[in-house]
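Trainee: Got a sequence here, can you model it:
(chains A, B, C and D)
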2 protein chains.
Amino acid sequence: MATRADVAQKAGVSSATVSHVINNTKYVSPELKERVEAAIKELNYQPNMMARNLATRQSKHVGILVNDITNPYYGEIAQGMEEVAQKNGYMVSLFFAAGNAEDYCKNILQRKLDGIFFTTTKNPFSPQHINLFHEAGIALVNASADLGSSLGPDYAMAIDSLIKYLSDLGHTRIGFLSGLSTISQDLRFTSYLKMLEKYGLEADRALIVDGEFPYETTHRSGYAAMQALLPRETGVTAVLALNDLMAFGAIKAIREAGLSVPQDVSVVGCDDIFLTECIDPPLTTLCIRKKELGRQAMNIILNELNEKTTANVMVGVDLIIRGSTGPAVRRG
Amino acid sequence: MATRADVAQKAGVSSATVSHVINNTKYVSPELKERVEAAIKELNYQPNMMARNLATRQSKHVGILVNDITNPYYGEIAQGMEEVAQKNGYMVSLFFAAGNAEDYCKNILQRKLDGIFFTTTKNPFSPQHINLFHEAGIALVNASADLGSSLGPDYAMAIDSLIKYLSDLGHTRIGFLSGLSTISQDLRFTSYLKMLEKYGLEADRALIVDGEFPYETTHRSGYAAMQALLPRETGVTAVLALNDLMAFGAIKAIREAGLSVPQDVSVVGCDDIFLTECIDPPLTTLCIRKKELGRQAMNIILNELNEKTTANVMVGVDLIIRGSTGPAVRRG
DNA sequence: GTGAAAGCGCTAACAA
DNA sequence: TTGTTAGCGCTTTCAC
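Mentor: Coordinates of the predicted model:
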C-alpha cells in the first residue's frame, strides 16, 4: 500500500504539501495541487488513519452503549447515529450493557474513543469509570443527565396526552409495568404519576409493577409483570408498559388469562418499534423519533469535540393511537 | 495520560523492557517485571492502541455488515460476534447494507480493519471493492460463499423436515415469499424447490412471490407478498416466508383478507427471532442459532488472521413448530 | 537479560 | 508558497 511519501515523490513535492492538499490545511498552488491529486489517483493512495490518528490524537471513533441491540428500538437509534457518523468520517462501535465494564473501559481508554452515547440508563460503568472517561476528554452523551451532554426522549407531554386520552375513555385504574426498580426516576414513570394526579386519578401502589433484579425490559418481563398484576384484583382496565416489547408480553399474559385486548384491558407501549403496527391488535404507543435521537447524539458529540460546547436536548415523543386501546368497561 | 516512557522512567528500565513485560514477548527478570508492573499500576498507565496498531500494522478492529440492524436477527448475531471480539481485544463496528459503499470502502481500507463479516447477501460492495479488501489482507467472512471464508445457516435439512411436516398435514400447495429476486440462489429458496420435489409436490410458479427492487425482507414486504399471492387463487394452504418479519406481515395480510392463521393458511417464518413466541399465534419457524453464528464469524476471522487458514462452516437450523401451522383444509 | 535506536505513516511547527 | 523536521507512542531488531 502506497504511503504519503510515495505520493510526494511521484508528484515531485514534499510530503507536507501532500498533507496540505489532502487536509486542505494550507494554500497550495493549483499546479502542485493537481500534480498531487494525480499522483494520489494513480497510486490509489489511501491515507493511513492509524498514523493520522496517532499524530492528531483523535480516533474518529465513537461508541454507542445499548441495552439490547435485539430490541429494534436501539437498532434504529444506532442507525441514526451511524448515518451522521459516516458523513463525518467517524466509525461507531457497539457496547452492550451486559458486557464486561472493565474490558469496555480499558478498550475505550486505550483506543481513545472520541465519544460515547449511552442510550440506556442501565449503565455498566461505575462513577470511577465515568471519571476516567472525563479525564480522557471523551465526549459523553447520556440518555438521562448529569455527565457531559444529555439527550433523551421528552416523554412528559406525550404521557399527558395519553392519560387524558385514557381518562376520557373512562379508564380510572391505569397500571404501569415498569421493568425497573421501585425507586426508578425514569421519566416515563414520574410522568405517569404526575399525570394521574393532574387528571384526578388514583396512583394506587398495587397498579404499579416493578421489575426484578436484574432488571429487564423485554417481552418476557412484560409477560411476568402482567401476570403479577392481574391477580391483584385492582380493577385495572389499562396499562402503560415501559416499552413495546413489554407491552407485547403483557398482551400475551392478558390473553392467557382469558381476557382480551382492548375489550378487557387496554395496553399501551412505548418506542413505536415497527412491529407495533403489524401485530394484532396494532399497538397504541408513544412514538419516539429514534433515528433523530441517534443523529442528535452524534451531532452533540461532534459539537462537544469541535466547539467544546455541551448540550441538553430532548427529542419529541408522540402518542400514536392504534387498536390496543379502547373504552373502559366495568368488569364484574 | 502516562506514556510508556513515563513507566520506563519510574521503573528505572528502558521502554523496551516495559513493552516486553506488557506483551510477554521476551523473558524479563522477575525483579524488573515487578518494578514495571508496580509503575504501571501507580501511573494508571494505559497503552495507546493507536500507536501500537501503527507499529504492528493491525487495528484489532473488525466490522459486521448487516442488512438492517432493526431486525432482531442481526442484532443477536452482532451480539455473538461482539462477545468473542471483546474477549480477544477486538472492537466491532457496524456497517449497513443501505449505507454508502464508497465511503465504507474508504473507511475500511484507511482504518485497516482486520476483518469483516458479511451477514447478508445484500452486499453493497462491488467485486472491485472486495478485491481491494483482499489485497489489503482483510479477513472476509461471507454468509454465502466464494470470497474468503464462508459461514451461514444450513437450511437444507430443516427445510426438508418442514416440507415433510407440512406434507404430512395434507398441504400440497405450499407458497414461498421470497423478498429477493427471481433468480435468487438463496439456499432457502433452492432447498424449498428441492424438497417440494422430494415429497412429490408441485412447484407451481404462481405459488412463488419474488420481491421487487430494492429487495426488502421486512414485515412490509411480507405483507405485500402475501397480498400478491392471495388473489392468484392458487389454492395455497401454507407459505414459507424468507424470514420471521416477512411472516408477520404475511399473517397480517391473511387476516385482512378475512382468512385466519392457521385454519385457512399455515405460515412459517425463518430465523426464530424472540418475538415469534409472543405474537398470536406463535410462529412456526426455522430456528437459526444466531449467537453461535456471530461467535463463529469472529472465530473464523481470528483464525484467518492468526493461522492463515480459511474455513467453510454452516451452523445448524432447527424446525420449531408452534401455532401458526396446522392441518390443511380444502377451501371453497 | 536489557537497552538504544530505527522505524510505523502522518501532522504541524518552523524555516526557507 | 513550499519543504524540513521533530514528534505522536509503540514495537522490534540488533548490539551490549
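
Trainee: Quick one: end-to-end distance for stretch A:236-247.
Mentor: 15 Å (C-alpha to C-alpha, to the nearest Å).

Trainee: how near is residue A:200 to DNA strand C?
Mentor: Separation of residue A:200 from DNA strand C (C-beta to the nearest atom of the strand, to the nearest Å): 61 Å. For every residue, glycine as well, the C-beta is placed using N, CA and C.

Trainee: cool, residue A:168 as well?
Mentor: Plainly put, residue A:168 is 60 Å away from DNA strand C if you go by C-beta to the nearest atom of the strand.

Trainee: what's the distance between that residue and residue A:261?
Mentor: According to C-beta to C-beta, to the nearest Å, residue A:168 stands 19 Å off from residue A:261.

Trainee: Next: residue A:147.
Mentor: Taking C-beta to C-beta, one finds residue A:147 at 40 Å from residue A:261.

Trainee: Tell me which of those two has more neighbours.
Mentor: More neighbours surround residue A:261 than the other of residue A:147 and residue A:261, with 24 against 18 (other C-beta atoms under 10 Å in any protein chain shown).

Trainee: wait, that one sits on residue A:324?
Mentor: Yes - counting by C-beta atoms under 8 Å, residue A:324 is a contact partner of residue A:261 at 5.5 Å.

Trainee: So for these two, which residues contact both of them?
Mentor: Counting by C-beta atoms under 8 Å, 6 or more residues apart in numbering or on different chains, the contacts common to residue A:261 and residue A:324 are A:251, A:267, A:281.

Trainee: mind checking pLDDT for the second one?
Mentor: The model reports residue A:267 with a pLDDT of 98.

Trainee: and the host helix or strand of it, C-alpha only, in CSV?
Mentor: Using DSSP states H and E, the element containing residue A:267 is strand A:266-271. Taking Å, rounded to 0.1, in the frame of the first residue of the first chain, the C-alpha atoms of strand A:266-271 are listed here in CSV:
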residue,chain,number,x,y,z
SER,A,266,-56.2,-1.6,27.1
VAL,A,267,-52.5,-1.8,26.5
VAL,A,268,-50.1,1.0,25.7
GLY,A,269,-46.5,0.6,24.7
CYS,A,270,-43.6,2.9,24.3
ASP,A,271,-41.0,3.5,21.5
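
Trainee: Direction included, what does it pair up with?
Mentor: Within its sheet, strand A:266-271 is paired with strand A:238-241 (parallel), strand A:284-288 (parallel), according to DSSP bridges.

Trainee: So which residues make contact with it?
Mentor: Contacts to strand A:266-271, defined as C-beta under 8 Å, 6+ apart, come from residues A:73, A:155, A:162, A:166, A:169, A:171, A:188, A:237-248, A:250-251, A:254, A:261, A:276, A:283-288, A:290, A:324-326, A:328.

Trainee: and of the shared contacts of residue A:261 and residue A:324, the nearest to residue A:123?
Mentor: Comparing the shared contacts of residue A:261 and residue A:324 against residue A:123 with C-beta to C-beta places residue A:267 closest, at 28.5 Å.

Trainee: what about that closest one, how many neighbours?
Mentor: Residue A:267: 27 surrounding residues under other C-beta under 10 Å.

Trainee: Quickly list what it is bridged to.
Mentor: Beta-bridge partners of residue A:267, counted by DSSP bridges, are residue A:239.

Trainee: picking up where we left off before, mean neighbour count, mean pLDDT and distance to residue B:111 added to the strands paired with strand A:266-271, as JSON lines?
Mentor: Listed next are these as JSON lines, based on neighbours: other C-beta atoms under 10 Å in any protein chain shown; pLDDT from 0 to 100; distance: least, C-beta to C-beta, whole Å:
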{"stretch": "strand A:238-241", "mean neighbour count": "30", "mean pLDDT": "98", "distance to residue B:111": "41"}
{"stretch": "strand A:284-288", "mean neighbour count": "25", "mean pLDDT": "98", "distance to residue B:111": "32"}
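
Trainee: which one of those lies closest to DNA strand C?
Mentor: Of all these, it is strand A:284-288 that lies closest to DNA strand C, at 38.3 Å by C-beta to the nearest atom of the strand.

Trainee: and the residue of the stretch 201-332 of chain A nearest DNA strand C?
Mentor: The stretch 201-332 of chain A approaches DNA strand C most closely through residue A:306 (13.1 Å), counting by C-beta to the nearest atom of the strand.

Trainee: coming back round to it: do you know which of the strands paired with strand A:266-271 lies nearest residue B:318?
Mentor: Among the strands paired with strand A:266-271, the nearest to residue B:318 by C-beta to C-beta is strand A:238-241 (30.6 Å).

Trainee: Please export the C-alpha coordinates of the closest one as CSV.
Mentor: Presented in CSV, the C-alpha positions along strand A:238-241 are these (Å, rounded to 0.1, in the frame of the first residue of the first chain):
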residue,chain,number,x,y,z
ALA,A,238,-55.5,-0.1,31.1
VAL,A,239,-51.7,-0.4,31.4
LEU,A,240,-48.8,1.5,30.2
ALA,A,241,-45.7,-0.6,29.7
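
Trainee: what's the following helix or strand after it?
Mentor: Assigned by DSSP H and E, the successor of strand A:238-241 is helix A:244-256.

Trainee: Contacts only, for the most centrally placed residue in chain A.
Mentor: For chain A, the residue nearest the mean C-alpha position is residue A:119 (3.6 Å; C-alpha atoms, centre = their mean). Shown in contact with residue A:119 (C-beta under 8 Å, 6+ apart): A:64-67, A:74, A:77, A:143, A:293, A:297.

Trainee: Mind doing that once more with 7 Å?
Mentor: Shown in contact with residue A:119 (C-beta atoms under 7 Å, 6 or more residues apart in numbering or on different chains): A:64-66, A:74, A:77, A:143.
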